[in-house]
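starting from these lines, generate the structure:
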Amino acid sequence: MSEDYVLRISRNTVFADHAREARLAQGALKLGVRTAACVAFGQDYSIWKRLPGVRSNRNTSPETLWESLLSDLEKLHANPLEVAPENLPEEWISHEVWIERTQNTANWSGSERKKLETILIAKHPITRHSFIHGDAWQDNVLEFEGCYAGLIDWTGAGWSSLEFECSRLEQPALDLALIRWKADIDVELMLKMRLELLLRVGTLRRVNWAVVREIMTKLS
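Below is the predicted model of the structure:
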């Protein structure tokens with residue numbers, strides 16, 4: 001839109017809630033989270049102050065950037081921006097539909113299909129719920145002159161689990177989170193959530209299948 005502002009337009013107005021995103025960003029700013037401020041919004045658009053910098057890079061961004069990101073996420077975990085809804089799910093379960101949708105590109109063997117079916121249809125307890133950003137991957141983490149500039153896009157923020165938060169992190173951030181939040185993370189559940197995410201991404205042919213198979217091995 002300009003050097004100072006960014007215009008966001010919804011592709012699907014049924015699921016868009018620009019007022020909520022603006023409110024969450026404002027609440028995050030009050031917590032000290034580095035993020036953009038919304039200056040105006042309507043039913044299908046919002047206008048945001050532009051943060052300096054460009055999207056981070058999982059291969060080249062410094063470790064200090066990912067550490068700063070985790071610090072901002074911790075502020076959200078410790079200070080929820082919304083009241084927790086009633087009847088949060090006590091179990092996680094995926095669906096084997098992702099196996100069929102990725103068969104042609106991943107070329108699953110018979111044994112791999114059975115393994116995936118076991119992983120995806122098995123219920124897994126969620127022991128702790130958290131308010132999370134929910135989409136802190138490299139496109140939503142900005143870098144300026146080699147430093148962390150901020151976290152954007154509050155579409156997926158809400159109540160879920162720390163495992164879900166971790167499953168969406170880029171690998172450098174995830175490696176740090178597994179150390180930093182070790183006592184609070186169910187690693188098996190996190191790996192299942194990450195596996196499901198990669199299968200979803202795989203339907204768009206944007207995934208390294210060797211990484212997917214590595215996770216499957218860890219879940220053996």
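
run the chain-centre distance for stretch 137-151.
The offset between the C-alpha centroid of stretch 137-151 and the centroid of the whole chain comes to 15 Å, using C-alpha atoms, centre = their mean, to the nearest Å.

scratch that, stretch 153-173
The offset between the C-alpha centroid of stretch 153-173 and the centroid of the whole chain comes to 3 Å, using C-alpha atoms, centre = their mean.

mind listing what's buried along it?
Neighbour-count burial for stretch 153-173 flags 153-155, 157-170, 172-173 (criterion: 16 or more other C-beta atoms under 10 Å). In short, each C-beta sits where N, CA and C put it, glycine included.

grab the nearest non-local neighbour of residue 173.
Ranked by C-beta to C-beta, 6 or more residues apart in numbering and with sequence neighbours excluded, the top spatial neighbour of residue 173 is residue 66, at 4.1 Å.

are we agreed that that neighbour is in a helix?
Yes - in this structure, residue 66 lies within a helix as judged by DSSP: H, G, I helix; E, B strand; the rest coil.

buried residues, the helix or strand harbouring residue 100. List them.
Secondary structure assignment for residue 100, by DSSP states H and E: helix 97-106. Residues of helix 97-106 classed as buried by neighbour count (16+ other C-beta under 10 Å): 98-99, 102, 106.

for those, which one is nearest residue 177?
For the buried residues of helix 97-106, the residue nearest residue 177 by C-beta to C-beta is residue 98; the value is 24.1 Å.

about what we covered before: among the buried residues of stretch 153-173, which lie within strands?
Per DSSP state E, strands hold the following members of these: 158-160.

adding pLDDT, write these out as a markdown table.
Formatted as a markdown table, the entries for those read as follows, by pLDDT from 0 to 100:
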| residue | pLDDT |
| --- | --- |
| 158 | 97 |
| 159 | 98 |
| 160 | 97 |
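
ok, the helix or strand of the chain with the lowest mean pLDDT: who's next to it in the sheet?
Across the helices and strands of the chain, mean confidence by mean pLDDT, DSSP states H and E is lowest for strand 5-9: a mean of 91. Looking at strand 5-9 with DSSP bridges, its partner strands are strand 45-49 (antiparallel).

dump the residue contacts of residue 51.
Contact partners of residue 51, counting by C-beta atoms under 8 Å, 6 or more residues apart in numbering, are 34-36, 142, 144, 149-150, 152.

in terms of helices and strands, where is it?
With the criterion set as DSSP H and E, no secondary-structure element contains residue 51; it sits in neither a helix nor a strand.
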